[in-house]
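Undergrad: Next one to model:
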Amino acid sequence: MKVTQSARWPLEARVPLSASFAGLPLLVWWLGWFPGFMSSDTIDQLGQAASNHYFNHHPAIHTLLLDLSWSLFGSPGYLGLAQIVGLTVLMVVVARRLVRIGVNQWLAIGTVWLVALLPAVGATTVSLWKDVPFALGILWVFAELLWLAAEGALAWAKTWTPVRMGLALAVVWLFRHNGLLTVLPLLVVLAFIVRRRILGALGVLGITVVCVTTFLYPAFSVDIESIEPTQVFISDVAAVVVHRPKVFSESDLVTIEGMAPLDVWRRGYRCDDSTPLVFSSSFDTSAIDPAGFRTVLFHAVTRAPLTIVGHRLCVGSFLFSPGAASSGYLHRPPLELSPNILGIVREPISQSAYDVTRSVYVWAEAESRLWFTWSPAIPIVAALAGYGLAVARKSLRRWALPGLVLIVHTINVVGTSPAHEFRYAFPLYVVAWMSLPLLIWAISRSNEAQH
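TA: Numbers count the residues shown, from 1 in each chain. Purely as a prediction, here's the structure:
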């Protein structure tokens, strides 16, 4: 049932101000950890910015944004402030739309505040990683799917609806190389729902991606060669080397041993973390023959499918099992900045903010609390279960639509992640939390109707 604007507007209008104050705890993290949490990947991107020699190994659009912040404000850290604003605005939009369809305003606003207060969200939002703007793109898609579920396909007759969706999908596509694997299934389902109206979103998506890759990148002489996609699956091959080595041919083994001796593959393999293998001093990624490795990977998948499935279930276990956070290493924003020659150092804008957030960070890092403070499993499992119930009940089916992005991207993360890293789960974590008010409202409303 569509809720009229006149019936809901007075209540809905109060949501933005109340929910927007949730940006304050995120701002405290930024003030305390300026210029933000960084890893060696970030330092590598900043090195590209300093030398004006850009590569697309990490999505170049993110490197260019870091460079823009550095050029305009003298520090890349102001990109973290933009990320705070982006997350706050998107959560406010979601809360406003939830209230519009009938969700209790304090449940919607309270969820926004809860998300903003979570240590994992505060620390990750001010991290200078491509995964943060990517997560904003996923949340934006969620907001548009929520709008579509509430207003119906006719909402796409309005000019700005397909424009917004096209731009949101472009962000998902551009900020992670595996983003396309999430975008394509979403487009297929949307085309089924809105029919020819999908052409508007496709046009905006295509124009945005073309403008960035065909005009922006050449303007900055970006080397568009990115990482060989199959390198992501080195640990999958390692799983077969360890458990089913006889499936490989002699030529496969030559390719494998060209990167490292079999002993190194066996010692370095961990199903939850590719780092010990890929970053071993004995492992030579530069020796990878792309065509040869694709053949090796194809043989691994086709000749030992159960081994690959088992490996992928292990890689994805941190999304579904809170205990996985303590049983294996879950990569998180590093406390210290990586050593660098760029002059990037920790410079808190507020020492008080640093002291407060550091104590929160240390508290959240306790091994006995990781199952809640850093594991993404609780909200993801709860949201997936709720959307599963929505699909099963005809009366709830329309409210399963916003969960489409959660389901599709969960499959993407399970299928492509090389390790247990919170940043891979960050978009799922935020969308899952923001899904819970919708699911609580929809399920309780359906139960009332049945009685």
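Undergrad: The stretch 51-200 of the chain: helices as residue ranges?
TA: For the stretch 51-200 of the chain, the helices defined by DSSP state H, counting those that start in this stretch cover 60-73, 78-101, 105-117, 119-125, 131-151, 160-175, 180-194, 198-210.
Undergrad: Now that we have those, can you turn them into a markdown table and tack on distance to Asn340 and mean neighbour count?
TA: In this view, the C-beta of every residue, glycine as well, is placed from N, C-alpha and C. Listed next are the helices of the stretch 51-200 of the chain as a markdown table, based on distance: least, Cβ to Cβ, whole Å; neighbours: other Cβ atoms under 10 Å:
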| stretch | distance to Asn340 | mean neighbour count |
| --- | --- | --- |
| helix 60-73 | 13 | 19 |
| helix 78-101 | 17 | 22 |
| helix 105-117 | 30 | 20 |
| helix 119-125 | 20 | 24 |
| helix 131-151 | 20 | 24 |
| helix 160-175 | 23 | 22 |
| helix 180-194 | 31 | 17 |
| helix 198-210 | 32 | 17 |
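Undergrad: Stretch 287-297: which residues count as buried?
TA: Of all the residues in stretch 287-297, those buried under the rule 16 or more other Cβ atoms under 10 Å are 288, 292-293, 295-297.
Undergrad: Need the max-distance pair from the residues you listed.
TA: Ile288 and Thr295 (12.0 Å; Cβ to Cβ).
Undergrad: For Arg332, give me its contacts.
TA: With contact taken as Cβ atoms under 8 Å, 6 or more residues apart in numbering, Arg332 is in contact with 120, 123, 365, 374, 422.
Undergrad: how about the helices in the stretch 301-450 of the chain?
TA: Using DSSP H, counting those that start in this stretch, helices in the stretch 301-450 of the chain cover 305-316, 324-327, 351-364, 370-373, 377-392, 404-416, 422-450.
Undergrad: can you tell me which of the ones you listed the model trusts least?
TA: Per-stretch mean pLDDT for the helices of the stretch 301-450 of the chain is lowest at helix 324-327 (a mean of 70).
Undergrad: low-scoring stretches of the stretch 201-350 of the chain, by residue?
TA: Counting by pLDDT under 70, the stretch 201-350 of the chain contains low-confidence residues at 226, 325-326.
Undergrad: Report the secondary structure state of Ser221.
TA: At Ser221 the chain is in coil, as set by DSSP: H, G, I helix; E, B strand; the rest coil.
Undergrad: Which residue, other than its chain neighbours, is closest to it?
TA: Tyr54 (6.9 Å; Cβ to Cβ, 6 or more residues apart in numbering).
Undergrad: Read off the pLDDT value for that neighbour.
TA: In this model, Tyr54 is scored at 95, pLDDT.
Undergrad: Now it: phi and psi?
TA: phi -100, psi 140 (degrees, to the nearest 10).
Undergrad: doesn't Phe220 make contact with it?
TA: Yes. Between Tyr54 and Phe220 there is a contact under Cβ atoms under 8 Å: 5.6 Å.
Undergrad: Can you give me the distance of the residue nearest to Val189 when sequence neighbours are not counted to Arg195?
TA: The shortest distance from Val189 to any non-neighbouring residue, by Cβ to Cβ, 6+ apart, is to Leu404 (6.0 Å). Remark: distance between Leu404 and Arg195 (Cβ to Cβ, to the nearest Å) = 17 Å.
Undergrad: separation between the residue nearest to Ser221 and Gln48?
TA: The span separating Tyr54 from Gln48 equals 5 Å under the rule Cβ to Cβ.
Undergrad: okay, and the common contacts of these two?
TA: Residues touching both Tyr54 and Gln48 by Cβ under 8 Å, 6+ apart: Thr63.
Undergrad: on that earlier part again, between the contacts of Arg332, which sits nearest His331?
TA: For those, the minimum distance to His331 (Cβ to Cβ) is 6.5 Å, reached by Phe422.
Undergrad: Could you check the helices of the stretch 51-200 of the chain and tell me which one is nearest Met259?
TA: Nearest to Met259, of the helices of the stretch 51-200 of the chain and by Cβ to Cβ, is helix 180-194 at 25.0 Å.
Undergrad: Tell me what angle the closest one forms with helix 422-450.
TA: Orientation check (axes from the mean of the first three to the mean of the last three Cα atoms, to 10 degrees): helix 180-194 against helix 422-450 gives 20 degrees.
Undergrad: Next, find the distance separating the residue nearest to Ser221 from Leu342.
TA: 15 Å.
Undergrad: Kindly report the same for Leu128.
TA: In this view, Leu128 and Leu342 are 13 Å apart by Cβ to Cβ.
Undergrad: neighbour-wise, which of these two wins?
TA: Leu128 (26 against 12; other Cβ atoms under 10 Å).
Undergrad: What residues does the more buried one make contact with?
TA: Leu128 touches 35-38, 42, 66, 76-77, 79-80, counting by Cβ under 8 Å, 6+ apart.
Undergrad: and Glu347, how far is that from Trp173?
TA: Counting by Cβ to Cβ, the gap from Glu347 to Trp173 is 34 Å.
Undergrad: Gly271 looks like it's in a strand, true?
TA: Slight slip there: residue 271 is Cys, not Gly. No. Counting by three-state DSSP, Cys271 is not part of a strand but coil.
Undergrad: looking at it, it is touching Asp236, isn't it?
TA: No. If you go by Cβ under 8 Å, Cys271 and Asp236 don't touch, sitting 9.6 Å apart.
Undergrad: residues near Ser280, how many?
TA: Neighbour tally, Ser280, other Cβ under 10 Å: 14.
Undergrad: Can you verify it is assigned to a helix?
TA: No. Under three-state DSSP, Ser280 falls outside any helix and is assigned coil.
Undergrad: isn't it right up against Arg266?
TA: No. Applying Cβ under 8 Å, one finds Ser280 not in contact with Arg266, separated by 11.7 Å.
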